[in-house]
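> Give me a model of this one.
(one chain, ligands or ions: 1)
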Amino acid sequence: MGEKLFNLFSDNPTLITHCPVCNVRYNPLEARVLEEGESAHLVYIKCRQCQSAILALIIANNSGISSMGLITDLSSDDVLKFKSDNAISCDDVIEVHQLLNKEKVLIEYFD
Ligand SMILES: [Zn+2]
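Numbers count the residues shown, from 1 in each chain. From the prediction side, this is the model:
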C-alpha cells in the first residue's frame with residue numbers, strides 16, 4: 001500500500017515535501033495513506049519536529065499531479081471517522097476540495 005504515493009513524494013517537487021509550519025523535510029514514510037483511489041490519495045502527515053498534522057489531498061489528472069493540504073487538529077483516526085470505507089470517488093474528491101476551501105487555511109504547494 002502507498003508505494004506509488006511514496007514515489008510521487010520523492011519524484012515530484014511540487015508535492016508536499018516540507019512541513020509548512022517549521023519547514024522540516026518530511027520523511028515520506030511518515031505519511032499515512034487514509035484513502036487511496038484511482039486518481040486521488042488522501043494522506044495524513046504528522047511532523048516529527050513540531051507535531052503539526054497535515055491533511056493532504058494528492059490528485060493525479062490529465063495535467064499532472066497536484067496536491068493541496070491543510071493544517072489540522074484532527075488525528076488520523078478522527079479523519080477516518082468522517083470517511084466511509086469505500087475507495088475515493090469523484091464525489092469524495094469534490095467534498096474534500098470544498099472542505100479545504102471552507103477551512104480557509106488552505107496551503108497551496110504549486111509554484
Ligand atoms: Zn513541523
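> Low-confidence ranges, this structure, go.
1-15, 82-93, 97-111 (pLDDT under 70).
> For it, just list every one of the helices.
Counting by DSSP state H, the chain has helices at residues 3-11, 76-81, 90-103.
> Give me the residues contacting stretch 44-51.
16, 19, 21-22, 24, 26-27, 30-32, 34, 52-56, 76, 79 (CB atoms under 8 Å, 6 or more residues apart in numbering). For glycine as for every other residue, the C-beta is placed from the backbone atoms N, C-alpha and C.
> Get me the contact residues on this structure for the ion.
Cys19, Val21, Cys22, Cys47, Gln49, Cys50, Ser52 (CB under 5 Å from the ion).
> do that again at 6 Å, thanks
Contact residues, the chain versus the ion (CB under 6 Å from the ion): Cys19, Val21, Cys22, Val24, Cys47, Gln49, Cys50, Ser52.
> Distance-wise, check the fifth one relative to Ile71.
In this case it means Cys47. 10 Å (CB to CB, to the nearest Å).
> count of residues packed around Asn61?
10 (other CB atoms under 10 Å).
> Are any of the residues of the chain next to the ion buried, and if so which?
If you count burial by 16 or more other CB atoms under 10 Å, the buried members of those come out as Cys19, Cys47, Ser52.
> phi, psi of the second one?
Right, the one you point to is Cys47. Main-chain dihedrals, Cys47, degrees, to the nearest 10: phi -70, psi 130.
> With that, I have no additional questions.
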